[in-house]
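Engineer: model the structure of this input:
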Amino acid sequence: MEFAGLAAGIAVGFGVLGPGIGVGIATAAANEAIGRNPDAAGAIRANLILGAALAEGLGILSFVLGILLWTRIG
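Structural biologist: You can find the predicted model right below:
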């Protein structure tokens, strides 16, 4: 029985789960920071967008690697 495809799917799932949780926590922290200091909203928002883009890049990378593994296996 071949479990390589299942393993690739699980790897993608965990690879996307981490950045998703990280972006959620970062968004919550940025909203709290903007609520505490509305004058710094521009700088906080810029840093949030940069960090979210980097985290989502990791998620997309794991997705692409999972697809590559799946196509090499099958």
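Engineer: low-confidence stretches in the protein?
Structural biologist: Along the chain, segments meeting pLDDT under 70 span 1, 73-74.
Engineer: give me the neighbour count for the nearest residue to Gly15 once chain neighbours are set aside.
Structural biologist: Among residues not flanking Gly15 along the chain, Ser62 sits closest, at 2.5 Å (Cβ to Cβ, 6 or more residues apart in numbering). Quick note: C-beta positions are derived from backbone N, CA and C, even for glycine. Neighbourhood size, Ser62 [other Cβ atoms under 10 Å]: 19.
Engineer: how far away is the most centrally placed residue in the chain from Arg72?
Structural biologist: The residue lying closest to the centre of the chain (Cα atoms, centre = their mean) is Pro19, at 2.5 Å. Using Cβ to Cβ, to the nearest Å, we find Pro19 at a distance of 24 Å from Arg72.
Engineer: could you do Gly18 as well?
Structural biologist: Distance from Gly18 to Arg72, by Cβ to Cβ: 23 Å.
Engineer: what's the answer for Ser62, then?
Structural biologist: Per Cβ to Cβ, Ser62 is found 16 Å from Arg72.
Engineer: what of Arg36?
Structural biologist: Taking Cβ to Cβ, one finds Arg36 at 49 Å from Arg72.
Engineer: hang on, the earlier thing: quick check, the residue nearest to the centre of the chain in contact with Gly51.
Structural biologist: No. Between Pro19 and Gly51 there is no contact under Cβ atoms under 8 Å: 10.4 Å.
Engineer: can you show me the helices along the protein?
Structural biologist: 4-36, 41-73 (DSSP state H).
Engineer: what's the first one packed up against?
Structural biologist: Put plainly, it is helix 4-36. helix 41-73 (3 or more Cβ pairs under 8 Å, 6 or more residues apart in numbering; DSSP states H and E).
Engineer: hey, what's the angle from the helix it packs on to helix 4-36? Just curious.
Structural biologist: For helix 41-73 against helix 4-36, the angle by axes from the mean of the first three to the mean of the last three Cα atoms, to 10 degrees is 180 degrees.
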